[in-house]
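K.L.:
Pasted the sequence and its predicted model underneath.
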Amino acid sequence: MTSRRNFKHQVRARSAKTGESYTSALRHFRAAPSESAPGSVRLAVAQSLVRNDPGDAEALRESGRGVRALMREAAGQGARVVHFPEGAICFPDKRVMSVAGPGAVGPADWERCQWSVLRSELAAIAETARELGLWSVVSSVHRLTGPHRPHNSLYVVSDRGEVVTRYDERLLSKTKVSYMYSPGRAPVTFDVDGVRFGCLLGMEIHYPELFAEYERLDADCVLFSTGGTLGNTAAQAQGHAAVNSYWVSLAVPVQDSAATRSGIVAPNGDWLAQCPAGGSPSVAVVDLDDGSEAAVEAVAYARPWRRAARAGLYAEHQVVDPRSEDRTAAF
């Protein structure tokens, strides 16, 4: 997929070499889309059981065991990367955490969190990632130095069992930013076998500018983890994938799967695979392959064309004409 990220440069280089316009050079590349189809990565998206009390040590351990079981299931199906929903270890409930709760929402009491147990489970997940040779994207609370509130985060654990980066939710809900978390500051990408992934979390499905940002950062796939999803989340995931011509992985808890299921959307907006509705924790596995029919159409054609259009393609075709300038001109 490195060639896809260099697509615009290839078009410009041909234009400079041959003297043809950017549009003509673009047609040459569009005529041979297979040239921009360099590889495949197998991605698994998980639908796991999420618990809401970080003060319950045994619940944290149960979540850790559940995550590791799904990691093994994903690896058994040949996955290279596995992606989990928001709160994979714990999705702290605003009333459970409230100093005024459970009857009222107020500032979260993070002293209730069993931090040592949480760290132990995350360490065990990292060790399992190393054993399986499996990149694992797992959501958890990330503790900051007091008195700062923690981040709501996605840890990216490599196939060596190392945390290589972390994404912190930036556009938080009103309750999260008022009472629970410190917002993050920046987008995060990571590469596996030449495929670039971007990360989003929580309620960020509602902000198309964040998905557009990852298109500009040359993401091939955006991993979006959420908990307590709304009914239109799946449709929004499809829209973001189609508009930006990349894959979108949507990870939700088992508890929400009757309304919205975990799954992976192709760059043309079609679902490639989804977990079952309700029932037991599960994974859905897909090959992110630029040679697929959907990818050829959306990735090799639509995405480069949109980039060319945004780069000023139309300027040379614009005209100055009195009938154009007069907005009230008759038919």
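P.N.:
Everything's here; your move. These figures come from a predicted structure and were not determined experimentally.

K.L.:
pLDDT on the longest helix seen in the chain, on average?
P.N.:
In terms of residue count, the longest helix belonging to the chain (DSSP state H) is helix 57-76. On average, the pLDDT along helix 57-76 is 97.

K.L.:
likewise stretch 162-174?
P.N.:
Here stretch 162-174 scores 97 as its mean pLDDT.

K.L.:
can you list the residues that contact it?
P.N.:
By Cβ atoms under 8 Å, 6 or more residues apart in numbering, the residues outside stretch 162-174 that reach it are 126, 142, 151-158, 176, 180-188, 190, 199-204, 206-207, 210. No exception for glycine: its C-beta is placed from N, CA and C like everyone else's.

K.L.:
Looking at those, which are in strands?
P.N.:
Secondary structure from DSSP state E places 142, 151-157, 190, 199-201 of the contacts of stretch 162-174 in strands.

K.L.:
May I see these organised as TSV, with neighbour count added?
P.N.:
Shown next, in TSV, are those (neighbours: other Cβ atoms under 10 Å):
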residue	neighbour count
142	19
151	23
152	29
153	23
154	29
155	22
156	24
157	25
190	19
199	28
200	26
201	28
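
K.L.:
Could you report the separation of residue 330 from residue 90?
P.N.:
Note on residue 330: its distance to residue 90, by Cβ to Cβ, to the nearest Å, is 66 Å.

K.L.:
Neighbour count for the two, which is higher?
P.N.:
residue 90 (26 against 5; other Cβ atoms under 10 Å).

K.L.:
Could I get the full set of helices for the stretch 151-300 of the chain?
P.N.:
In the stretch 151-300 of the chain, the segments counted as helices under DSSP state H, counting those that start in this stretch are 174-175, 208-216, 233-244, 293-295.

K.L.:
closest one to residue 42 among the ones you listed?
P.N.:
Nearest of those to residue 42, taken as Cβ to Cβ: helix 293-295 at 14.6 Å.

K.L.:
how far off helix 208-216 does the following helix or strand past that closest one point, in degrees?
P.N.:
Next along the chain after helix 293-295, taking DSSP states H and E as the criterion, comes helix 303-310. If you take axes from the mean of the first three to the mean of the last three Cα atoms, to 10 degrees, helix 303-310 sits at 110 degrees to helix 208-216.

K.L.:
what residue ranges in the stretch 201-331 of the chain score low on pLDDT?
P.N.:
Residue ranges of the stretch 201-331 of the chain with pLDDT under 70: 229-230, 290-296.

K.L.:
which ones are touching the residue lying closest to residue 179 once chain neighbours are set aside?
P.N.:
Excluding the flanking residues, the one nearest residue 179 by Cβ to Cβ, 6 or more residues apart in numbering is residue 107, at 5.1 Å. Going by Cβ under 8 Å, 6+ apart, residue 107 touches 98-100, 179.

K.L.:
Give me the nearest residue to residue 177, chain neighbours excluded.
P.N.:
Nearest non-adjacent residue to residue 177, counting by Cβ to Cβ, 6+ apart: residue 183, 6.0 Å away.

K.L.:
Tell me the spacing between the one you found and residue 150.
P.N.:
Distance of residue 183 to residue 150, computed by Cβ to Cβ: 11 Å.

K.L.:
higher neighbour count, the two?
P.N.:
Taking other Cβ under 10 Å, residue 183 and residue 150 do not tie; residue 150 has more neighbours (20 against 14).

K.L.:
gap between that one and residue 113?
P.N.:
8 Å.

K.L.:
tell me the contacts of the nearest residue to residue 273 once chain neighbours are set aside?
P.N.:
The shortest distance from residue 273 to any non-neighbouring residue, by Cβ to Cβ, 6+ apart, is to residue 284 (4.0 Å). By Cβ under 8 Å, 6+ apart, residue 284 lies in contact with 44-45, 47, 262-264, 273-275.

K.L.:
In CSV, list the residues you listed along with neighbour count and distance to residue 131.
P.N.:
As requested, the contacts of residue 284 are exported to CSV (neighbours: other Cβ atoms under 10 Å; distance: Cβ to Cβ, whole Å):
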residue, neighbour count, distance to residue 131
44, 30, 16
45, 32, 21
47, 31, 23
262, 31, 24
263, 23, 27
264, 26, 25
273, 18, 25
274, 20, 28
275, 23, 24
